[in-house]
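*Asks:* Got a predicted structure here, sequence first:
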Amino acid sequence: NARKRCTYRQVIKIEQLDGEKPVGEYQQVADVSLDANGKKVKNVVFAPQPSISISPEDQYDIESRLHFTISTDELPEYNVVYQGTQQEDDLQTYVFDAAPKQLEKGKRYFQGRIWVDDHDFQIVRMAGKSVPDILPKKHGKGKGQENLFPKFTTYREQIDGKYWYPTFSMTDDTLHFLGSDVRIKGTVKATDYKCAGSEVAGAGETPGPGQKKAN
C-alpha cells in the first residue's frame, strides 16, 4: 500500500478527572512528517511538564492511537468477524469485530470494531482499545506496575481525494485499577495535512480486513 508523503500537526491533550474536575494533564503539539521510507519523523513544538504519570507504554499508546490500524500483513494474527453493514454519515460501511488470536510478549494489539467504506475499502473509523493491559504479577520476583489502557474511537477523513487519513481520536473512559478508579478523557488531533510529491510506502496504513472480506 502507498501514501503520498504528508506532513501534519499532531495535537495531544489527555486529562485525568475527579468527577468532572481535571486533576492532571498531558499535552503535546508536534509537526509530523514521513521520510522517504515512510517512517514517521516528529518535531515537538510544545510539551509542558505533564501533571499526570505517563509510562512508556502510555506514551506509545497515545502516539500510535491516531494511526492504529490492522495491516494485511497483520491480519493472520487476528480473529476478524464480519458484523454486517452500517450507514456512517453519507458512507455505507462494512463492520468487523477484531481481536488478537494470541498475545505475544512485548507486542501491542488492537481489540474492537472497525468500519470499512464499501467504495474504497479503507478504514474510516475504529473503536476499541490497545491490548493487553499490564497487570501486577501475583507470583515471582517483583509485583510489576499495573497499567490499564482506555477505550478510544478514531475517525478518518479523505484528505487527498484518494486515501483516508486519521484526523481525530477521542477517549472518555474509567480505568478500574486495584486501588482506585481513574477517569481519563482526551483527544489526539491531526490537522493541516499537506500531501504532495511521490507516494511512499505507508507501514501499517493498509485498508485491513475490508479488502479481505468485502470483495
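*Replies:* Thanks, I have the structure now. Residues are numbered from 1 along each chain as shown.
*Asks:* Tell me who's in contact with the residue lying closest to residue 93 once chain neighbours are set aside.
*Replies:* Leaving out its chain neighbours, the residue that sits closest to residue 93 by CB to CB, 6 or more residues apart in numbering is residue 115, at 4.3 Å. For glycine as for every other residue, the C-beta is placed from the backbone atoms N, C-alpha and C. Contacts for residue 115 (CB atoms under 8 Å, 6 or more residues apart in numbering) come out as 86, 88, 93-95, 123-126.
*Asks:* which helices and strands does the longest strand belonging to the chain pack with?
*Replies:* Longest strand of the chain, by residue count under DSSP state E: strand 181-201. Other elements packing on strand 181-201 under the criterion 3 or more CB pairs under 8 Å, 6 or more residues apart in numbering; DSSP states H and E are strand 2-18, strand 21-34, helix 56-65, strand 164-176.
*Asks:* hang on, the earlier thing: which residues does the residue nearest to residue 93 form a beta bridge with?
*Replies:* Here residue 115 sits in beta bridges with residue 95, residue 125, going by DSSP bridges.
*Asks:* Please tell me how far it sits from residue 39.
*Replies:* Distance of residue 115 to residue 39, given as CB to CB, to the nearest Å: 27 Å.
*Asks:* before we move on, what about residue 167?
*Replies:* With CB to CB as the criterion, residue 167 and residue 39 are 21 Å apart.
*Asks:* Ok, residue 14 next?
*Replies:* 25 Å.
*Asks:* So between those two, which is more surrounded?
*Replies:* residue 14 (21 against 11; other CB atoms under 10 Å).
*Asks:* who's that one bridged to?
*Replies:* Beta-bridge pairing of residue 14 under DSSP bridges involves residue 26, residue 186.
*Asks:* Name all residues that make contact with it.
*Replies:* Residue 14 neighbours (CB under 8 Å, 6+ apart): 25-27, 52, 62, 171, 184-186.
*Asks:* now it: how far from residue 119?
*Replies:* For residue 14, the distance to residue 119 (CB to CB) stands at 34 Å.
*Asks:* Check residue 54 too.
*Replies:* The gap separating residue 54 from residue 119 is 39 Å, by CB to CB.
*Asks:* so where's this structure shaky on pLDDT?
*Replies:* Within the chain, the stretches with pLDDT under 70 are 1-4, 38, 137-144, 197-215.
*Asks:* Can you tell me which residue is spatially central in it?
*Replies:* residue 65 (2.1 Å; CA atoms, centre = their mean).
*Asks:* Quick check: it touching residue 188?
*Replies:* Yes: using CB atoms under 8 Å, residue 65 is in contact with residue 188, at 5.7 Å.
*Asks:* Common neighbours of these two, please.
*Replies:* Common contacts of residue 65 and residue 188, defined by CB under 8 Å, 6+ apart, comprise residue 169.
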